[in-house]
Each structure stands twice: as C-alpha cells, then as structure tokens.
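A.B. asks: this is a predicted model, with the sequence first.
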Amino acid sequence: MIRKADYKDLDGVLAAIQDAKDLFKSKNSLQWQDTDGYPNRKTMEKDVADGALYVSVIDGIIAAVCSLGRFGEPTYDRIYEGQWLNDCPYYVIHRLAVKKEFYGRGLAKAILDHLEGISLSEGIFDLRCDTAAENQPMNDLLIDRGYKKCGVIYLTRPDVLEKKRIAYHKTSH
C-alpha cells in the first residue's frame, strides 16, 4: 500500500532514510553524507507538512519513502552540460529510499510509478529528478522508467559534500 505520510510515520521514514545513507556510505558515495544530516527529521517534517511525502507500507512497516515536490526546484533553474526537455510545469522526485530488508522487491519502481500517476492526475506531465553519478541503482531505475539524462545540476545547500548531480527529466506529452 502506498499512501501520503503522516507525522506518526516519521520514525519509520527516518529508518528507511538511514538505511539508504548507510548503503551510500558503504559504496563510498558522498550522497546523503552531508554535514547537516540531510535528509533529516526537519527535511521529512517539511515534506509531510507540504503533503509531499509518500510511503509504501508492508505489514505495518515503512518499506519505502519518496517525496513529490509540487513547488519546483530552484537548483533546476540552471542546468549544465545539456538542457531540460522542455519548459513546462513540472513536479520533482526527491528522497527516494527503501528499507534494507525490502531491497530487491521492486518498491522503488512501485513508489516512483505511483507518484508519476499522481502527477498525471493533477495535470502535470513532466517530472524532474537528480541523483549522484555513483548512485547506479537510482540512475538505472530512472533510465528504466523512461527518464532522460539531461545534464548536470549543482546543489546549493552549504553542507553538501558533493554538489554535482545528474539531472533527469520525464515528460508524458
């Protein structure tokens, strides 16, 4: 079951985020190793408040999480080494994580597909996303789901250890 997250889900959400952070660290990736702990409780509380955070729940456990940003993304205003597919209104996929005991079950694909369906139902036919170059599972997932690699963006948060991200865009026009 995939649904909007509530504040009561935050401990489970943060457990899934921590599993992703641990996996990135074990692969020598700097993604989500930021000095401010991003994504942290404050980040996820804001996602809940914005109605942006979704969870996949299996047997009462938060198995996967993902945010659907409906307010654009200022860091996407400038793209390097390429260009976005178009200038249409878009939603943003952020903070996709799966709890480690649920790896390999297709939950990342399922929650991504669910959020794409929400976007379409709200009349938004474009989605953008970014990830670290070394996050091969996410890069592969996005390509598999029809996202096009468009270039590079640079994160602007001061505590980010590696600011460069691969930028993706999917359009359903």
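C.D. replies: That came through, no problem. All values derive from a computational prediction rather than experimental measurement. Residues are numbered from 1 along each chain as shown.

A.B. asks: from now on I want contacts and neighbour counts done on CA atoms only, so please keep to that.
C.D. replies: Fine.

A.B. asks: Three-state assignment for the nearest residue to residue 116 once chain neighbours are set aside, please.
C.D. replies: Taking CA to CA, 6 or more residues apart in numbering, and ignoring the residues beside it in sequence, residue 116 has residue 127 as its nearest neighbour in space, at 7.6 Å. For residue 127, the assignment made with DSSP: H, G, I helix; E, B strand; the rest coil gives strand.

A.B. asks: and residue 127, what's its pLDDT?
C.D. replies: Residue 127 is assigned a pLDDT of 98 by the prediction.

A.B. asks: ditto for residue 158
C.D. replies: Predicted confidence (pLDDT) at residue 158: the value is 89.

A.B. asks: so how far is residue 24 from it?
C.D. replies: Applying CA to CA, to the nearest Å, one obtains 20 Å for the distance of residue 158 from residue 24.

A.B. asks: neighbour count: the two, which is higher?
C.D. replies: Neighbour tally, residue 158 and residue 24, criterion other CA atoms under 10 Å: the higher count belongs to residue 24, 17 against 10.

A.B. asks: pull out the buried residues from the helix or strand the more buried one falls within.
C.D. replies: Assigned by DSSP states H and E, residue 24 falls within helix 10-26. When burial is assessed from 16 or more other CA atoms under 10 Å, helix 10-26 yields the following buried residues: 10, 12-22, 24.
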